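Visitor: Just to be clear, the model below is a prediction. Sequence and coordinates:
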Amino acid sequence: MNTINSSPLTSAYLHFDRHHWATLRDSTPLVLNEHDIEQLEGINEDLSLSEVVEIYLPLSRLLNFYISSNLNHQNVVKKFLGTDRKKIPYIISIAGSVAVGKSTTARVLQALLSRWPEHRKVELITTDGFLHPNAVLKERGLMKKKGFPQSYDMHRLVNFVADIKAGKEKLTAPVYSHLTYDIIPEEQKVVEAPDIVILEGLNVLQSGMDYSHDPHRVFVSDFVDFSIYVDAPEEFLKQWYINRFLRFRESAFSDPNSYFHHYSQLSIEEATTIASTLWDEINGLNLRENILPTRERANLILSKSFKHAVSSVSLRK
């Protein structure tokens, strides 16, 4: 049974434990095989078949209902106006802390939604591409504030999302490299006539309260049709961040072109200490100040347990 918490914030949600949520899959077919699932895993988490079946299939079914309803609404407007207006893409945003698994959630949903019988075109965009380049961040003394609101080119991000909702058929977005820890000059991701856009990032639920240093009238959340927040207790998030840092130390950091190449020479003890400090001074601080306060703005919250498995789901009424 789903239970409803009586507090002012959470009373806006219906709460489902994992078992009850899984039953809402109904007869939705599994369109991914084991190989597909392996390709969708993040570096810090194992994506199980049961996670896809019990959590993401019901979610993709729900989203498909919302998307179909949105298209019906667009058709009503077309009939009323007597015009053949362009089809407007449906935007899904995915927010949450560093290391919580937002990217994996985004990739799984992209794979599932694109395999529905309607064969909709699903584009995935990360807001990392809208960070200011390192040269700008260094000039402004913000290199240790990457991911904080002031580190993003919000005007460019908002304009990009607004153009999607305006029905522009071909757009470009900047590309971020986690290897070089910077925007890739002259490289663009082309977004052309999508049916669905999944927008993943730390800041997709933030509003004017988070950008008091750079006031403007609209925000990403104003253009989003359905928002998801991936949640977990901070003690889990910190451990996942440290685990990911240690795995990168053995893989990506060993690349001489990596911005963090110098970390590859550290001992496990040294690397653990540095990762813990980075969490405490940067990522944990950003979580508490800027990310976690946006959680209750989401339409749906996926709450994770220690091994990255979703233990409960909260759906806004």
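Guide: Great, that's in hand. Numbers count the residues shown, from 1 in each chain.

Visitor: can you give me the strands in the stretch 151-300 of the chain?
Guide: 170-177, 182-192, 196-200, 226-231, 300-304 (DSSP state E, counting those that start in this stretch).

Visitor: now those strands in TSV, with mean pLDDT and distance to Gln206?
Guide: Every residue, glycine included, has its C-beta placed from N, CA and C. Putting the strands of the stretch 151-300 of the chain into TSV (pLDDT from 0 to 100; distance: least, C-beta to C-beta, whole Å) gives the following:
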stretch	mean pLDDT	distance to Gln206
strand 170-177	96	18
strand 182-192	95	20
strand 196-200	98	12
strand 226-231	98	11
strand 300-304	98	16
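
Visitor: With distance to Phe248 added, can I get those strands in TSV?
Guide: As requested, the strands of the stretch 151-300 of the chain are arranged in TSV below (distance: least, C-beta to C-beta, whole Å):
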stretch	distance to Phe248
strand 170-177	14
strand 182-192	16
strand 196-200	19
strand 226-231	20
strand 300-304	21
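
Visitor: and these as CSV, adding mean neighbour count and distance to Ser254?
Guide: Formatted as CSV, the strands of the stretch 151-300 of the chain follow (neighbours: other C-beta atoms under 10 Å; distance: least, C-beta to C-beta, whole Å):
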stretch, mean neighbour count, distance to Ser254
strand 170-177, 17, 16
strand 182-192, 13, 19
strand 196-200, 24, 26
strand 226-231, 23, 29
strand 300-304, 22, 29
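
Visitor: What's the local residue count around Glu269?
Guide: 8 (other C-beta atoms under 10 Å).

Visitor: ditto for Phe160
Guide: The burial count for Phe160: 24, using other C-beta under 10 Å.

Visitor: Next: Tyr263.
Guide: Neighbour count of Tyr263, defined by other C-beta under 10 Å: 19.

Visitor: Quick one: residues contacting the residue lying closest to it once chain neighbours are set aside.
Guide: Distances taken as C-beta to C-beta, 6 or more residues apart in numbering place Phe253 nearest to Tyr263, at 4.9 Å, with adjacent residues excluded. Counting by C-beta atoms under 8 Å, 6 or more residues apart in numbering, Phe253 makes contact with 260-261, 263-264.

Visitor: Check these against Thr273 and report the nearest one.
Guide: Closest approach to Thr273 among those (C-beta to C-beta): Tyr263, at 11.4 Å.

Visitor: Provide a list of residues in contact with that closest one.
Guide: Counted by C-beta under 8 Å, 6+ apart, Tyr263 has contacts 245, 248-249, 253, 271, 274.

Visitor: how near is it to Phe248?
Guide: According to C-beta to C-beta, to the nearest Å, Tyr263 and Phe248 sit 8 Å apart.

Visitor: returning to that earlier point: may I see the ChimeraX selection of the buried members of the contacts of Tyr263?
Guide: Here is the ChimeraX command that picks out the buried ones among those, judged by 16 or more other C-beta atoms under 10 Å:
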select :245,248,249,253,271,274
